Structures are given as C-alpha cells and as structure tokens.
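[1] got a predicted structure plus its sequence, pasted below:
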Amino acid sequence: MLQIAFIRENQEKVIKALAKRNIDAKSVVEEVVQLDENRRATQVELDNTLSESNKLSKDIGELMKAGEKSKAAILKEKTVSLKEKSKELAEKAEALAAELTNKLYTLPNLPADIVPEGKTPDDNLNVFQEGDIPVLHEGAQPHWELVKKYDIIDFELGVKITGAGFPVYKGKGARLQRALINYFLDKNTAAGYNEVQVPHLVNEASGYGTGQLPDKEGQMYHSTIDDLYLIPTAEVPVTNLFRDVILNESELPVLHTAYTPCFRREAGSYGAHVRGLNRLHQFDKVEIVRVEHPDKSYEALDGMVEHVKDILKELKLPYRVLRLCGGDMGFTSALTYDFEVFSTAQDRWLEISSVSNFETFQANRLKLRFKDKDGKNQLAHTLNGSSLALPRVLAGILENYQTPEGIVIPEVLRPYCGFDIIN
C-alpha cells in the first residue's frame with residue numbers, strides 16, 4: 001500500500017508513475033487526498049473537543065471543591081454535549097479512515113524508474129539470455145505426450161480425483177519432482193537462506209498484508225466456512241511472519257526460503273498454451289523471501305537474479321531474463337524480472353520465475369519496520385522470487401532432455417533422483 005503522506009506530498013509524481021502502468025489515477029489520487037484531509041480535519045476537531053471536555057472536567061472538580069455546585073452543574077451539562085459530539089466525531093473519523101484505507105488498497109505500487117513503458121508482455125525488455133537451444137531428434141514430443149509414454153504424470157487421474165489442473169505424479173515423475181524441490185532448497189540454503197515450513201492456508205489479514213487481497217481475491221481458493229485462503233505462493237505466509245514486527249537494523253537482511261504447494265484458480269485460462277504442465281491449479285514451488293534495508297534492496301534484487309541464473313546454468317536449460325514493462329507488472333511490484341525457459345518441443349518460452357522488489361508497498365500493509373541507528377522506526381523493503389516454480393521447469397527438462405532412448409536427467413539432479421534416465 002502506498003503511504004498516504006507520500007501521495008499527499010507528491011500527487012503529480014504518483015499520477016505520472018501510475019500512468020506507466022497504463023492507469024489514469026488522477027481522480028483516485030484526488031479522492032484519496034480529499035479523504036485524508038477530511039480525516040485529519042475531523043481528527044483535529046475530535047482532539048480539540050476531547051481536550052475541552054478534559055479541561056471542563058478539571059474545572060468541575062475545582063468548583064466542587066470550592067462548594068460552587070451550581071456553577072459545576074452548568075459545566076456538567078456542557079460536558080454531556082461535548083461527550084456526545086466527541087462520540088460522533090470519533091465515529092466519523094473511524095469511517096473516514098476505513099474509507100481511505102479501502103481506497104488506498106485499489107492503488108498498485110509505483111513502478112521503479114527503470115521499468116520500461118509498455119502495455120503487454122510483448123513490450124517486456126529482454127535483458128539477458130543464455131544457453132543453447134537443443135536440436136531435438138525427429139519425432140520429439142511435447143511433455144504432455146512424453147508423460148503418457150513413460151507413465152510419469154497422469155492428468156486424467158487428477159481430473160477423476162479433483163478436476164482439471166491437478167495432476168498425479170507417478171514413479172520416476174514423482175521422484176524427479178521431489179529431486180527438484182530438494183535441489184532448489186539446498187541451493188537456497190547454501191546461499192544463506194533460512195529454510196522454513198509454513199501453513200498452506202492463511203487468514204484474510206495475511207492476504208491483505210502481501211497484497212493478494214483484495215486484488216487477487218477471485219484467483220484464490222477460499223474456504224468460506226473458516227474464512228481461510230489456500231496460498232497462491234509461499235510468499236504470502238513467509239512474508240507475513242514479519243507482520244507487525246519491528247526489527248533492529250542489525251538484524252537486516254532477513255533471508256528465508258520455503259517449499260509449498262501453491263493453489264490458483266486461474267479463472268478464464270483456456271487454450272493450447274495452458275496444456276499439460278503449462279498452467280495448473282495446484283503446483284509445487286520453492287520461494288525465496290528477503291527483508292532488506294531500503295538502501296540495499298536493489299543490490300539484493302540483483303543478487304537474487306544472479307542466484308536464479310546460477311540454478312538454471314546448473315540445470316543447463318536455455319533461458320532468458322525479462323524486465324517487465326509497466327503494463328505487465330504485478331500489482332504489488334516496483335520492479336520485476338521474469339525468467340523464461342525455452343521449451344524446444346513447444347517452440348515457445350515458458351515463465352518459470354519472477355523476482356521482484358516491492359520496496360515499502362507490502363511493509364506498509366504489514367507494519368513491518370526496523371529501528372534505525374537513530375532509534376526511529378522505518379518501513380523495511382520486501383523482496384521475493386521463485387527459486388523455482390516446478391511445473392514449467394519440469395516441462396523444460398522433459399522436452400529439452402528427451403532422446404530416442406529416453407529422457408536424460410540433468411547431471412546436477414542425478415544424486416537427488418537416484419537414476420540418470422527415464423525410459
């Protein structure tokens with residue numbers, strides 16, 4: 001959530017920055033500023049009323065001590081009126097504050113200066129590419145045919161048990177999936193990330209804390225009886241570990257990694273581009289989350305990008321890194337780099353990671369602060385990244401490593417799998 005003080009003092013800057021997201025925010029910004037003015041004016045009036053009431057109470061006490069009961073009675077009548085007025089003002093201030101917060105929830109984060117202009121994924125900037133695209137043998141197949149051939153993932157069985165988008169992993173497919181999870185966690189912990197295991201359902205406050213609510217409400221599975229949400233990413237519970245927390249500056253940075261299943265409704269996703277593992281309702285992902293000092297968060301973001309690059313180099317998958325344009329960035333992000341792996345059998349790029357800096361956007365919602373050297377509380381910066389999302393990584397491995405004899409396992413994964421080929 002954007003800070004109201006910043007909006008109040010930088011209205012034109014906010015409007016211009018959100019225009020990079022192709023949003024005309026002028027009317028909303030003006031409404032936010034007006035609501036804030038009304039709220040502050042009401043609060044001043046409330047404070048003055050309470051101050052006057054407190055002064056009269058003291059005066060009444062003095063008059064009673066002096067035996068001037070008639071004068072005290074007159075003042076008592078006035079305090080009754082002031083108490084009624086203060087109650088009305090308190091209710092008005094509370095209502096204005098709630099309306100202001102709800103309006104602020106509709107404004108996305110401001111893009112960083114280096115975010116490119118653009119409206120669609122076609123406008124994203126390719127900033128890095130590495131790895132040779134393999135030349136496959138004649139008769140090479142996309143992964144949804146390969147998994148049938150080698151009986152390692154069963155999409156139809158998942159439909160029977162749950163529905164479309166909930167595959168069943170079998171045999172070497174399940175072992176390869178587990179190998180990838182363990183490999184990713186080991187890479188992350190070796191890089192200094194502390195592994196945590198977190199709940200897979202979160203409450204409403206957690207959803208609002210990281211910005212999934214209200215923006216992504218329709219994409220989250222909601223257990224209405226208990227009012228809990230299935231997590232769309234480990235980012236939500238891991239970042240919420242720090243909700244309402246004040247860290248010491250010496251404790252920064254904080255680095256966490258977690259494996260979780262992820263659940264996304266992905267309403268409206270149809271077509272060949274979402275076939276097989278390309279788009280699922282339940283999938284596995286290993287996440288990295290950082291809490292950083294504002295002066296060091298972009299250096300940390302660059303480090304996260306290099307970390308994901310290193311994983312893909314070891315997997316020997318052809319990949320590219322995109323700096324997302326304003327129109328394609330997530331609601332909460334100030335700057336996002338997407339990683340895409342090339343799926344040779346599908347002849348297309350598949351997104352397998354997003355690495356983002358949210359600056360103070362999430363921290364403001366979470367009330368996540370740190371005490372600086374002067375003893376003042378400041379909002380921290382939060383960052384997160386997929387390290388990595390498994391379905392499309394797995395699709396890339398199955399397709400790019402296929403041979404007439406079977407699917408060769410990337411060398412770095414063989415100690416985790418216990419086998420070197422699926423045949």
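    Ah, there it is.

[2] CA atoms of whatever helix or strand Asp338 lives in as PDB?
    Secondary-structure element containing Asp338, defined by DSSP states H and E: strand 335-343. C-alpha atoms of strand 335-343 as PDB (Å, rounded to 0.1, in the frame of the first residue of the first chain):
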ATOM      1  CA  LEU A 335      10.400  -3.900 -10.400                       C
ATOM      2  CA  THR A 336      10.100  -7.400 -11.600                       C
ATOM      3  CA  TYR A 337      12.400  -9.700 -13.600                       C
ATOM      4  CA  ASP A 338      10.800 -12.700 -15.200                       C
ATOM      5  CA  PHE A 339      12.800 -15.800 -16.100                       C
ATOM      6  CA  GLU A 340      11.600 -17.900 -19.000                       C
ATOM      7  CA  VAL A 341      13.000 -21.300 -20.100                       C
ATOM      8  CA  PHE A 342      12.700 -22.300 -23.800                       C
ATOM      9  CA  SER A 343      10.500 -25.300 -24.400                       C
END
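
[3] pLDDT on that strand, on average?
    The average pLDDT for strand 335-343 rounds to 97.

[4] how about stretch 295-309?
    Taken as a whole, stretch 295-309 has an average pLDDT of 98.

[5] buried residues, that stretch. List them.
    297-298, 300-301, 303-305, 307-309 (16 or more other C-beta atoms under 10 Å). For the C-beta atoms, the positions are set from N, CA and C on the backbone; glycine is no exception.

[6] now the helices: where do they sit in the stretch 301-423 of the chain?
    361-366, 390-400, 414-417 (DSSP state H, counting those that start in this stretch).

[7] and the first one, how far out from the chain's middle?
    Which is helix 361-366. Remark: helix 361-366 is offset 11 Å from the chain centroid, using C-alpha atoms, centre = their mean, to the nearest Å.

[8] how about stretch 139-153?
    Counting by C-alpha atoms, centre = their mean, stretch 139-153 comes out at 33 Å from the chain centroid.

[9] how about it as CSV, C-alpha atoms only?
    C-alpha atoms of stretch 139-153 as CSV (Å, rounded to 0.1, in the frame of the first residue of the first chain):
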residue,chain,number,x,y,z
GLY,A,139,9.7,-37.4,-33.7
ALA,A,140,10.4,-35.4,-30.5
GLN,A,141,7.2,-34.7,-28.5
PRO,A,142,5.8,-32.1,-26.1
HIS,A,143,5.8,-33.0,-22.5
TRP,A,144,2.1,-33.9,-22.3
GLU,A,145,2.8,-36.8,-24.7
LEU,A,146,6.1,-37.8,-23.1
VAL,A,147,4.5,-38.2,-19.6
LYS,A,148,2.0,-40.6,-21.2
LYS,A,149,4.7,-42.5,-23.0
TYR,A,150,6.7,-43.0,-19.8
ASP,A,151,3.8,-43.1,-17.4
ILE,A,152,5.2,-40.5,-15.0
ILE,A,153,2.4,-37.9,-14.8
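
[10] next structured bit after the host helix or strand of Arg40?
    Assigned by DSSP H and E, Arg40 falls within helix 26-65. Next in sequence after helix 26-65, counting helices and strands by DSSP H and E, comes helix 69-104.

[11] can you name every helix or strand that that following helix contacts?
    Counting contacts by 3 or more C-beta pairs under 8 Å, 6 or more residues apart in numbering; DSSP states H and E, helix 69-104 is packed against helix 26-65.

[12] swap the cut-off to 10 Å and go again
    helix 4-9, helix 26-65, helix 361-366 (3 or more C-beta pairs under 10 Å, 6 or more residues apart in numbering; DSSP states H and E).

[13] how about the strands in the stretch 251-400 of the chain?
    254-263, 282-292, 319-323, 335-343, 348-359, 369-371, 377-379, 381-389 (DSSP state E, counting those that start in this stretch).

[14] highest mean neighbour count out of the ones you listed?
    strand 381-389 (a mean of 26; mean count of other C-beta atoms under 10 Å).

[15] just the CA atoms from it would do, formatted as CSV, please.
    The C-alpha trace of strand 381-389 is given here as CSV (Å, rounded to 0.1, in the frame of the first residue of the first chain):
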residue,chain,number,x,y,z
HIS,A,381,11.7,-3.3,1.9
THR,A,382,10.5,-6.7,1.0
LEU,A,383,11.5,-8.9,-2.0
ASN,A,384,10.6,-12.3,-3.2
GLY,A,385,11.4,-14.7,-6.0
SER,A,386,10.5,-18.2,-7.4
SER,A,387,13.5,-20.4,-6.9
LEU,A,388,11.9,-22.1,-8.7
ALA,A,389,8.3,-22.9,-9.8
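
[16] strands paired with it, and their directions?
    Strand pairing for strand 381-389, using DSSP bridges, gives strand 282-292 (antiparallel), strand 348-359 (antiparallel).

[17] quick one: which of the buried residues of stretch 295-309 is nearest Ile181?
    Using C-beta to C-beta, Val308 comes nearest to Ile181 of those, at 15.6 Å.

[18] mind listing what that closest one touches?
    184, 187, 288, 319, 321, 337, 339, 352-355, 385-388 (C-beta atoms under 10 Å, 6 or more residues apart in numbering).

[19] separation between the residue with the largest distance to the centre of the chain and Lys58?
    In the chain, the greatest distance from the average C-alpha position (C-alpha atoms, centre = their mean) is reached by Gly67, at 65.4 Å. Taking C-beta to C-beta, to the nearest Å as the measure, Gly67 falls 17 Å from Lys58.

[20] who's in contact with Glu266?
    So Glu266 contacts 165, 219, 232, 274, 279-281 (C-beta under 10 Å, 6+ apart).

[21] from the residues you listed, which is closest to Leu413?
    Among these, and counting by C-beta to C-beta, the member closest to Leu413 is Leu280, at 20.8 Å.
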